[in-house]
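Q: Please work out how this folds:
(2 chains)
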There are 2 protein chains.
Amino acid sequence: MSTTVSAEIITIGDEILFGHILDTNTQWIGLELTDIGILPAKKTSVGDRYDEILEAFRRAFDRYDVVIVTGGLGPTKDDITKQVLCDFFETELEIHEEALEHVTAFFSKRGREMIESNRLQAALPKKCKYLVNHWGTAPGMWFEKDGKVLVSLPGVPYEMKELMKHSVLPALEAHFSLPVIVHHTIRTIGIGESFLAEKIADWENALPKHVKLAYLPSFSGVKLRLTGYGSDRVALTEELLKYGEGLNMLAGIYIYAQNELEIEEKVGQLLAEKGATLATAESCTGGYIAHRITGIPGSSTYFLGGVVSYANEVKEAVLDVPSEYLKTYGAVSEQVAEAMAEGVRTRLGATFAISTTGIAGPGGGTEEKPVGTIWIACAGPQGTVSRKLQLGTLRDVNIQLTAMHVLNMLRQSLELD
Amino acid sequence: MSTTVSAEIITIGDEILFGHILDTNTQWIGLELTDIGILPAKKTSVGDRYDEILEAFRRAFDRYDVVIVTGGLGPTKDDITKQVLCDFFETELEIHEEALEHVTAFFSKRGREMIESNRLQAALPKKCKYLVNHWGTAPGMWFEKDGKVLVSLPGVPYEMKELMKHSVLPALEAHFSLPVIVHHTIRTIGIGESFLAEKIADWENALPKHVKLAYLPSFSGVKLRLTGYGSDRVALTEELLKYGEGLNMLAGIYIYAQNELEIEEKVGQLLAEKGATLATAESCTGGYIAHRITGIPGSSTYFLGGVVSYANEVKEAVLDVPSEYLKTYGAVSEQVAEAMAEGVRTRLGATFAISTTGIAGPGGGTEEKPVGTIWIACAGPQGTVSRKLQLGTLRDVNIQLTAMHVLNMLRQSLELD
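A: You can find the predicted model right below:
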């Protein structure tokens, strides 16, 4: 096994520190580095200040093998980052011909005039290797010293990602002798983290040292991520699959995918396989489930549509929920949830239909039906099932958890069908 | 003016470094610190390793006045962070009676059994001030040394936020003599950043040195954030309001709020003021607009419901779109968009209705109607208006931008009505 190659990720820019923008770059870089066998050991964000940037470079380069820097390269800011890079690597700026051609072509292609600050984007530290950015004007820069690597990339997410995928990651794999790392993701739904951990404790404890398990809980269920370290990719992949199968024996009913697949993608696949269609009737989730389903490209082949029936009149008029149900049982009831699912299924002529009705909060609760009381239902060729959820008081959490539960109910109906 | 109080935000946990979760905490903390006049100067993320955590504490405390630490306090991980805190502040762990009572009550209230690892969550470094976490079991801890402050908080976002709002931020304001900082946010919609910048260049250049302007673009429009620094809160607030008014003269039609207000909140306010109701008919946005509207607590007073008409049959059967429109003009057309809005308005008996129909992508485009071709419409007492959008090829971006445009169209109809 090779020795560990570790990395620090540095972002530059006041806008991140002050919270004006959400930094999603470093999460993405962390995942990508891990995937090729480099260990992200630290992340640092500093502002647009010379001494802070220099100090961050110095400390990162001292400790880690790879330093990935993003941001600080815009036309108004690049002087400072590039100047720090020059001082740190003891070199100076010089117009890079290829970079200048690239910037010039970039502007002329778009019929835009080039100003001096754009031309200066082609001024690079002499000691760097130029990484062409086909997606913008800020260049990528690759530095090497004592076997270590520092890479400076623009902060615009898609420019950074394209440069990483096309230039940086392949170059890092070529530069270092990296261990083979294989990931295997298992998606569970409908069981909390601690209950799942208890259920699979023996299996987890029996994992060998070179296989690590991470629990990644979210409002879409608990994701289990196995990471195997070794030298033989094929053997390692097979080994992880075997552990995945072992988990299936223990917690199969909670596992809906042995890969990265959202629950709405899974039900989409199941519907497509069966040539079945889907309709939704949402009250407390207010369109969120339809939004999740239609977020998947191609969902129009199985999703016919849905009704957001916020007002009781809409439940009656559009979903044909009997008005005596609303009077007798109330809008948040088993009877209404089932009638909503059946109503939208009939009205839209769908094979399957799901529904939600409940009190999302923060207001609207009663003693009998407190905030977080929610009924979900699924109607299909085999009949209708429903279930009561008792959730908390946070509106958006309730909406997300209700979506998870009813999509999982649909999955179970589809798998039984 | 007081001297600057600077802060470092440290997050602990391999899950952030490896990219398993997206860190949204530090953005939120950055904004909140800025709001009370503390300068976020650095952010650091380290893994669950003793020496890395200790080194991060040491360096942060050396340089900055405030150190906010989140994460590393779960029942399985808290030994290490709390041990580092003990060693750093030269103290030791001891069961904190109030914290123990809190954890015990937390479990008994939920009818759950408490195990040893839960009990140990009440073991705190002797030198800390205990901050009770009403929303979970991991405690908050406040340390002081040489006038500087270190706060350790759980990483679960809503627990961290509640602790910050109720304990930490007020305590920081009491502990330090902070400069008076006043923010004034102006929400614009329907104009791009560079066009807006050009329009208001003279106004921006005339701002005095103690007033900073930030452009914060998102898929909900460009937010302008004025930050004033001074010593007299009342005078500063008045001054910023005056600049906001100046902006109104220059770009008033794009400004929908002189405060932090999402567009769906703004239309909700306008609807409520008029005693009017709303219905939605969504095709390409697939329920996202209804989801945005119903994300606002209390929206049930003005939002009746909506129809997600993905299939053409649903447009005909539920929204009463004439089938000859679909045949003659196609589903993505002015005629269908207007018929959808009018259909849902009539069917649900709403005062206003909005609709969307288009090709969200990535597939489904034609030469005549490429991906990103979208029609939006708004029907109300004064009639129906519609508009064509020509967006890009990214599905979720198209969905978000369409929502912004049609909600803005509704706002304009409401303001004219």
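Q: CA only for contacts and neighbour counts going forward, please
A: Will do.
Q: For the residue in the stretch 51-200 of chain A that chain B sits nearest to, which non-adjacent residue is spatially closest?
A: Closest residue of the stretch 51-200 of chain A to chain B, C-alpha to the nearest C-alpha: A:Glu52 (8.7 Å). Counting by C-alpha to C-alpha, 6 or more residues apart in numbering or on different chains, A:Glu52 lies nearest to A:Val46, which is 6.4 Å off, once chain neighbours are set aside.
Q: so where do the strands sit in the stretch 51-200 of chain A?
A: Taking DSSP state E, counting those that start in this stretch as the criterion, the stretch 51-200 of chain A contains strands spanning A:66-70, A:93-95, A:123-125, A:129-131, A:140-145, A:148-153, A:180-188.
Q: Could you export those to TSV, including columns for distance to chain B?
A: Converted to TSV, the strands of the stretch 51-200 of chain A look like this (distance: least, C-alpha to the nearest C-alpha, whole Å):
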stretch	distance to chain B
strand A:66-70	13
strand A:93-95	27
strand A:123-125	25
strand A:129-131	25
strand A:140-145	22
strand A:148-153	18
strand A:180-188	12
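Q: Make a markdown table out of the ones you listed and add mean pLDDT, distance to B:Ala290 and mean neighbour count.
A: Formatted as a markdown table, the strands of the stretch 51-200 of chain A follow (pLDDT from 0 to 100; distance: least, C-alpha to C-alpha, whole Å; neighbours: other C-alpha atoms under 10 Å in any protein chain shown):
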| stretch | mean pLDDT | distance to B:Ala290 | mean neighbour count |
| --- | --- | --- | --- |
| strand A:66-70 | 97 | 37 | 24 |
| strand A:93-95 | 95 | 53 | 16 |
| strand A:123-125 | 94 | 49 | 23 |
| strand A:129-131 | 97 | 44 | 18 |
| strand A:140-145 | 96 | 42 | 18 |
| strand A:148-153 | 97 | 39 | 22 |
| strand A:180-188 | 92 | 28 | 21 |
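Q: Of the ones you listed, give the one that comes closest to B:Met340.
A: Shortest distance between B:Met340 and the strands of the stretch 51-200 of chain A, using C-alpha to C-alpha, is found for strand A:180-188: 38.6 Å.
Q: And the contacts of that closest one?
A: With contacts defined as C-alpha atoms under 8 Å, 6 or more residues apart in numbering or on different chains, strand A:180-188 is touched by A:34-37, A:221-233, A:236-237, A:240-241, A:244, A:254-261.
Q: where in the stretch 51-200 of chain A is pLDDT low?
A: In the predicted model, the stretch 51-200 of chain A carries pLDDT under 70 at residues A:74-79.
Q: which residues sit in contact with the residue located most distally from the centre of chain A?
A: Here chain A reaches farthest from its C-alpha mean at A:Glu324, the gap being 44.1 Å by C-alpha atoms, centre = their mean. By C-alpha under 8 Å, 6+ apart, the contact list for A:Glu324 is empty.
Q: wait, is it part of a strand?
A: No: if the criterion is DSSP: H, G, I helix; E, B strand; the rest coil, then A:Glu324 is helix and not within a strand.
Q: Which residue does the stretch 101-250 of chain A have closest to chain B?
A: Relative to chain B, the nearest point of the stretch 101-250 of chain A is A:Leu216 (7.0 Å; C-alpha to the nearest C-alpha).
Q: Buried residues, the helix or strand encompassing that residue. List them.
A: Element membership for A:Leu216 (DSSP states H and E) is strand A:211-218. The neighbour-count check on strand A:211-218 (16 or more other C-alpha atoms under 10 Å in any protein chain shown) flags A:211, A:215, A:217 as buried.
Q: Using a markdown table, lay out those together with pLDDT.
A: Shown next, in a markdown table, are these (pLDDT from 0 to 100):
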| residue | pLDDT |
| --- | --- |
| A:Val211 | 94 |
| A:Tyr215 | 84 |
| A:Pro217 | 82 |
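Q: circling back to that earlier point, so how do I select the buried members of the contacts of strand A:180-188 in ChimeraX?
A: Per 16+ other C-alpha under 10 Å, the buried members of the contacts of strand A:180-188 correspond to this ChimeraX selection:
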select /A:34,35,36,37,221,222,223,224,225,226,227,228,229,236,237,240,241,244,254,255,256,257,258
